[in-house]
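Novice: Fold the following.
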Amino acid sequence: MAMTPTSPRTPLVRPDGMPVRALVVDDEVNLSELLRMALSNDGWEARTAGNGQEALNAVREFQPDIIVLDIMMPTIDGMEVLRRIRATGNDVPVLFLTAKDAVEDRIAGIEEGGDDYVTKPFNLEEVVARLRRMARRHVAIADADPRLQVGDLVLDEETYEVERAGTAVTLTAKEFELLRFLMRNPRRVLSKAQILESVWSYDFGGKSSIVEIYISYLRKKIDQLGEPMIHTVRGVGYTIKPA
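Specialist: Numbers count the residues shown, from 1 in each chain. Sure, this is the predicted structure:
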């Protein structure tokens, strides 16, 4: 599934001013490309590798700051890739992708030197959030403001706190993701399709009306604290802008 490009406000940047680099390794091309695009949309420099040998070559050439590594791959599996990487003295943080019921793989991955894992199928937003946390723990990151601000509305991407004009706003996880997407694209009109792809990914059951429902939820919580900020552009989509 294609991802819609966004305009990240707080990309993770290394002290040299370059974006944090991620290598996504998976023999499922569609999955690795989907994750690569999600990371690129979040401000990362991301590349993919389709097998273990490509991964080892990319580690040498690309020198990623973080690796997303599928365990189950033919010929050279993820465990062996990690062993060979660690054997060179490279302690790059690794997030393993595992099958949902492969508990032994998850344990083995951590024991081999993996730093975290997620199970398939996964939520793109969750994976990107986990990688951001890993980067902040293990990679030298230049200081960046994690807050998005549109008018008197402020959203903190690290603490997951939202407030308008100093008043705290309590949001569900999906409401937060929707508001963040809107605030990353202030004044830009976003279609339902763009919102579905970026906020719900493939996990929305095919009901485009879910966007209207969650927009109404946000309006009840955000717009009641002042002049309306979330606007409908009929026949096109939705936008957020200062009151």
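Novice: In contact with Val139, which residues?
Specialist: Val139 makes contact with 12, 14, 20, 65-66, 93 under the criterion C-beta atoms under 8 Å, 6 or more residues apart in numbering. Glycine gets a C-beta too; all of them are placed from N, C-alpha and C.
Novice: and what of Phe62?
Specialist: Phe62 sits next to 21, 23, 47 when contact means C-beta under 8 Å, 6+ apart.
Novice: Quickly note the distance from the first one to Trp44.
Specialist: Just to be clear, that refers to Arg21. 7 Å (C-beta to C-beta, to the nearest Å).
Novice: Please identify which of these two sits among more neighbours.
Specialist: The neighbour count for Arg21 versus Trp44, taken as other C-beta atoms under 10 Å, is higher for Trp44 (25 against 20).
Novice: Give me the buried positions along stretch 173-186.
Specialist: In terms of neighbour count (16 or more other C-beta atoms under 10 Å), stretch 173-186 has its buried residues at 174-186.
Novice: Can I get it as PDB, trimmed to CA atoms?
Specialist: Presented in PDB, the C-alpha positions along stretch 173-186 are these (Å, rounded to 0.1, in the frame of the first residue of the first chain):
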ATOM      1  CA  ALA A 173      -4.500   7.200  20.500                       C
ATOM      2  CA  LYS A 174      -6.200   7.400  17.100                       C
ATOM      3  CA  GLU A 175      -7.500  11.000  17.700                       C
ATOM      4  CA  PHE A 176      -3.900  11.900  18.600                       C
ATOM      5  CA  GLU A 177      -2.600  10.400  15.300                       C
ATOM      6  CA  LEU A 178      -5.200  12.200  13.300                       C
ATOM      7  CA  LEU A 179      -4.500  15.500  14.900                       C
ATOM      8  CA  ARG A 180      -0.700  15.000  14.500                       C
ATOM      9  CA  PHE A 181      -1.200  14.300  10.800                       C
ATOM     10  CA  LEU A 182      -3.300  17.500  10.400                       C
ATOM     11  CA  MET A 183      -0.800  19.600  12.300                       C
ATOM     12  CA  ARG A 184       2.200  18.300  10.400                       C
ATOM     13  CA  ASN A 185       0.400  19.700   7.300                       C
ATOM     14  CA  PRO A 186      -1.100  23.100   8.500                       C
END
